[in-house]
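Participant: mind looking at a prediction? Sequence and model below.
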Amino acid sequence: MSAEQADVVVVGAGLAGSATARALARRGRSVVLVEAFQPGHRHGSSHGSARIFRRAYPDPLYVRLTGQVQVLWRQLADEAGEQLVTTTGAVDYGPARKQEKLYEILTGFGVPAELMTAEAAAERWPGMSFGPDPVLLHPDGGVIDPERAMAAMRASAAGRGAQISYGTPVLRVETGGDDATVYTADRSWRASAVVVAAGAWLEPLLGGQVPLPPLAVTQEEFFHFAPRTPGRRARRPACTPRPATRISSWTGTGPSSSARPARAMAPSSRRWPARSPPTWPAGGPRPSAASPWPPIATPPNHLYHGHLGAL
Ligand SMILES: Cc1cc2nc3c(=O)[nH]c(=O)nc-3n(C[C@H](O)[C@H](O)[C@H](O)COP(=O)(O)OP(=O)(O)OC[C@H]3O[C@@H](n4cnc5c(N)ncnc54)[C@H](O)[C@@H]3O)c2cc1C
């Protein structure tokens with residue numbers, strides 16, 4: 001089996017891999033995007049219709065990056081001719097009291113932000129409870145539709161000549177000389193650079209081959225609640241409690257899971273507790289659905305990338 005040639009092979013067509021394939025194709029590179037499952041699969045971290053887009057981070061690097069990203073999201077939406085990010089505003093609240101610091105950083109970068117009392121916030125968004133601490137709103141925050149975004153990214157990449165191969169698990173990546181070869185069961189590609197965006201499958205695919213930070217794979221559970229008044233959807237901001245609560249937590253807090261290359265995750269063991277958590281009002285609403293998601297967490301909780309070869 002002789003290897004086909006490409007400038008770059010991208011392994012994994014989640015949000016990271018799809019965005020990478022598009023960016024490279026826009027730079028005129030010949031790109032092959034290889035994905036183990038079919039489009040729309042629910043085994044990775046990127047499926048569903050909602051991810052928070054926010055600009056409020058304690059690290060100024062992310063405030064700068066999200067400013068650049070905002071422009072890129074608009075470009076992608078224009079190209080796709082559809083809305084990918086719905087700007088709802090985003091709020092931070094809770095006893096960890098990071099709101100003042102976040103406000104300082106945001107306004108230092110000229111990002112619109114508003115610091116208000118919990119009473120003012122409760123009045124503004126009836127039905128929500130913020131506790132006694134100040135509440136930060138930044139109106140630029142919102143909700144990304146990841147599935148539509150990935151479809152738009154891949155359509156954009158394919159329109160610029162990227163080759164996309166679904167249902168094609170990569171079995172191994174071999175490096176040698178100035179290039180690397182990506183092997184699947186019946187095809188292989190040689191390229192001067194390989195980007196592995198395999199999410200929770202990174203370690204099983206590349207572990208021992210390249211230095212990776214310590215990675216913990218956990219299975220997270222999302223609970224969905226039906227609106228009290230069917231058909232009526234209130235305009236709510238995206239919310240980030242600080243610190244996280246038992247029912248609204250950061251990713252990386254779920255039970256450990258394991259991912260093997262190209263195999264689906266085990267079903268989640270986590271269920272809505274039989275008795276409501278202490279932070280939940282007595283007789284509070286019950287979830288109407290739950291969906292398990294396997295994300296990958298890196299302990300420093302930072303963006304991490306490493307690369308072999310020039311991009
Ligand atoms: C519950 C949850 C809530 C989140 N909320 C937010 C949020 O509000 N805001 C936000 O910005 N982010 C959020 N995130 C994080 C965000 O969703 C992830 O960072 C992002 O989806 C990761 O994308 P990815 O492409 O790295 O990984 P994935 O989406 O997991 O993609 C990896 C892909 O690689 C493929 N793959 C793996 N191994 C192979 C192989 N051997 N061969 C071929 N293909 C392979 C997989 O099939 C998969 O499609 C959340 C994540 C979770 C889990």
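Facilitator: Now that the structure is in, tell me what you want to look at. Numbering: from 1, shown residues only.
Participant: C-alpha from now on. contacts and neighbour counts both.
Facilitator: Will do.
Participant: okay, which residue is most central for this structure?
Facilitator: Ser46 (5.8 Å; Cα atoms, centre = their mean).
Participant: SS state for Arg64?
Facilitator: Look at Arg64: counting by DSSP: H, G, I helix; E, B strand; the rest coil, its state is helix.
Participant: helices along this structure, start to end?
Facilitator: 15-26, 60-80, 99-108, 118-124, 146-159, 202-206 (DSSP state H).
Participant: return the set of buried residues in the longest one.
Facilitator: So that's helix 60-80. 60, 62-63, 66, 70, 73, 76-77, 80 (16 or more other Cα atoms under 10 Å).
Participant: repeat that for stretch 148-167.
Facilitator: 148-158, 160-165.
Participant: same check on stretch 26-44?
Facilitator: 26, 29-37, 42-44.
Participant: stretch 124-131 too?
Facilitator: Neighbour-count burial for stretch 124-131, counted by 16+ other Cα under 10 Å, picks out Phe130.
Participant: tell me which parts of the stretch 101-250 of the chain are close to the ligand?
Facilitator: Residues of the stretch 101-250 of the chain that fall close to the ligand, judged by Cα under 6 Å from any ligand atom: 168-171, 197-201, 220.
Participant: how does it look with 5 Å?
Facilitator: Neighbours of the ligand within the stretch 101-250 of the chain, by Cα under 5 Å from any ligand atom: 169-170, 198-199, 201.
Participant: okay, now the closest residue to Thr184 other than its chain neighbours: neighbour count?
Facilitator: Once flanking residues are discounted, Thr184 sits nearest to Val170: 4.6 Å by Cα to Cα, 6 or more residues apart in numbering. By other Cα atoms under 10 Å, the residues close to Val170 number 21.
Participant: now do Val170 against Val91, distance only.
Facilitator: Distance, Val170 to Val91, using Cα to Cα, to the nearest Å: 40 Å.
Participant: and if you look at Val194?
Facilitator: 38 Å.
Participant: those two: who's more crowded?
Facilitator: Applying other Cα under 10 Å to Val194 and Val91 shows that Val194 carries more neighbours, namely 29 against 26.
Participant: from Val34, how far off is the nearest residue to that one once chain neighbours are set aside?
Facilitator: If the residues on either side of it in the chain are set aside, Val194 comes closest to Val9, at 4.8 Å by Cα to Cα, 6+ apart. Distance check for Val9 against Val34: by Cα to Cα, it reads 7 Å.
Participant: which residues do those two both contact?
Facilitator: Residues touching both Val9 and Val34 (Cα atoms under 8 Å, 6 or more residues apart in numbering): none.
Participant: next, count neighbours for the residue lying closest to Ser188 once chain neighbours are set aside.
Facilitator: Spatial nearest neighbour of Ser188, excluding adjacent residues (Cα to Cα, 6+ apart): Ala3 at 4.8 Å. Neighbour count for Ala3, taken as other Cα under 10 Å: 13.
Participant: in contact with Ala3: list those residues for me.
Facilitator: By Cα under 8 Å, 6+ apart, the neighbours of Ala3 are 181, 187-190.
Participant: want to throw these into CSV with neighbour count and pLDDT?
Facilitator: Shown next, in CSV, are those (neighbours: other Cα atoms under 10 Å; pLDDT from 0 to 100):
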residue, neighbour count, pLDDT
Thr181, 21, 97
Arg187, 13, 97
Ser188, 18, 98
Trp189, 21, 98
Arg190, 22, 97
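Participant: could you tell me which of those residues belong to strands?
Facilitator: 181, 188-190 (DSSP state E).
Participant: ok, now which ones touch Arg22?
Facilitator: 153-154, 156-158, 162.
Participant: 6 Å instead, please
Facilitator: Contact partners of Arg22, counting by Cα atoms under 6 Å, 6 or more residues apart in numbering, are 153, 157.
Participant: how close does it get to the ligand?
Facilitator: According to Cα to the nearest ligand atom, to the nearest Å, Arg22 and the ligand sit 13 Å apart.
Participant: one more: Phe109?
Facilitator: 20 Å.
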